[in-house]
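Student: With the sequence up front, the predicted model follows.
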Amino acid sequence: MEKYESDETFIARWVAGELNEEELSEFEKSDAYKVFDRINEEAQQFQAPPIDKRQALIRTKEQITFGKKRKTSNAWYAIAASIAIVIGTFGILNSSKSYQTAYGEQLAVTLPDGSKIQLNADSELTHKRFFWINNRDVNLKGEAYFEVEKGGDFVVKTSQGSISVLGTKFNIKTRGKALEVNCFEGAVRFDKLDTDEYRILKKNDRITLYNDQINNEKTEETHPNWMKGISVFKEKPLHEVIDEIRIQYNVTFQVNDTDLSKLFTGSFLHDDIEKALKSTLTPMGISYTLSEDKTIIYLP
């Protein structure tokens, strides 16, 4: 975590020339230094355009004669430059940092406050790049396991609602219109988007949001199964199962008349596509064909 991202006084002290040698040296090596240096240089050099007294007198007479007020092109350029500097600085300070995983990939992320996140395959996490400590909000698409350090409010925003915590361990899975939250330690609160409906989850509590309905469940798990290299399902529609296979193995399904609404209970491992298909489709009585390059699964 760069110091200029967590210390609210850092940029102001840099502009004022109050950084110590170690801080300045570290900052000059960062990717953001050139951008901030350019903005600061333009701001320092910015000044009002010089006034030509003779031309000013002529323009004053013109205004009196024609009843029109005119601004010099230099003044407009100055105004435009100042606006550009303000907008540029605002845009940089409000920029986001993003982490993404591809199919079959996982990624460990450490946030500025020391909180740890493990991203599952085909997932994305974003948060504010600068001064994040004072606004611990992250946005999640996909699935991730969180170990949150204690501090101010920590909020995970999804397309179905937000999950608020103070310090805990939990897992969030949000794909399509479905959402699942598992609390392994501490407590979290789920607020459903655009409603007053919410749930408080404590250790071993789980909620699922499906067809716009929140269901309360219990679990004895201590960590997400996907972190152990396995996907587990309990009475889940088959389309969710094959979607998880697609994400973990980067494969494509071509489906004809197979009923994907059938409910499946079982699991598959993440280390062998053929074993995964046998443990999910065969028990359902569904035949399949796997292409030679193991990238396409054909269902009847």
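Tutor: Nice, thanks for sending it over.
Student: residues touching K116, list them.
Tutor: 108-110, 146-147 (C-beta atoms under 8 Å, 6 or more residues apart in numbering). Bear in mind the C-beta positions are built from the backbone N, C-alpha and C, glycine included.
Student: Try it again at 10 Å.
Tutor: When contacts are counted by C-beta atoms under 10 Å, 6 or more residues apart in numbering, K116 touches 108-110, 145-149, 169.
Student: D122: what secondary structure?
Tutor: Counting by DSSP: H, G, I helix; E, B strand; the rest coil, the backbone at D122 sits in coil.
Student: Can you give me the distance of it to G186?
Tutor: From D122 across to G186, the span is 27 Å (C-beta to C-beta, to the nearest Å).
Student: neighbour-wise, which of the two wins?
Tutor: Higher neighbour count among D122 and G186: D122, with 21 against 17, using other C-beta atoms under 10 Å.
Student: quick one: that one from N135, how far?
Tutor: Taking C-beta to C-beta, one finds D122 at 27 Å from N135.
Student: do A276 as well
Tutor: In terms of C-beta to C-beta, A276 sits 40 Å off from N135.
Student: These two - which one has more neighbours?
Tutor: Just comparing A276 and N135: by other C-beta under 10 Å the higher neighbour count belongs to A276, 23 against 12.
Student: Secondary structure element for the residue most central in space within the chain, which one?
Tutor: The centre of the chain sits closest to T126, judged by C-alpha atoms, centre = their mean, with a distance of 2.1 Å. For T126, the element it lies in under DSSP states H and E is strand 124-128.
Student: ok, and for the helix or strand following that strand, which residues are buried?
Tutor: For strand 124-128, the following helix or strand on the C-terminal side (DSSP H and E) is strand 136-147. Residues 136, 138-140, 142-147 are the ones in strand 136-147 that count as buried (16 or more other C-beta atoms under 10 Å).
Student: Next, format those as TSV and append pLDDT and distance to I247.
Tutor: Shown next, in TSV, are the buried residues of strand 136-147 (pLDDT from 0 to 100; distance: C-beta to C-beta, whole Å):
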residue	pLDDT	distance to I247
R136	87	28
V138	93	20
N139	95	19
L140	96	15
G142	96	8
E143	96	9
A144	97	13
Y145	96	16
F146	95	19
E147	94	23
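Student: Thank you, goodbye.
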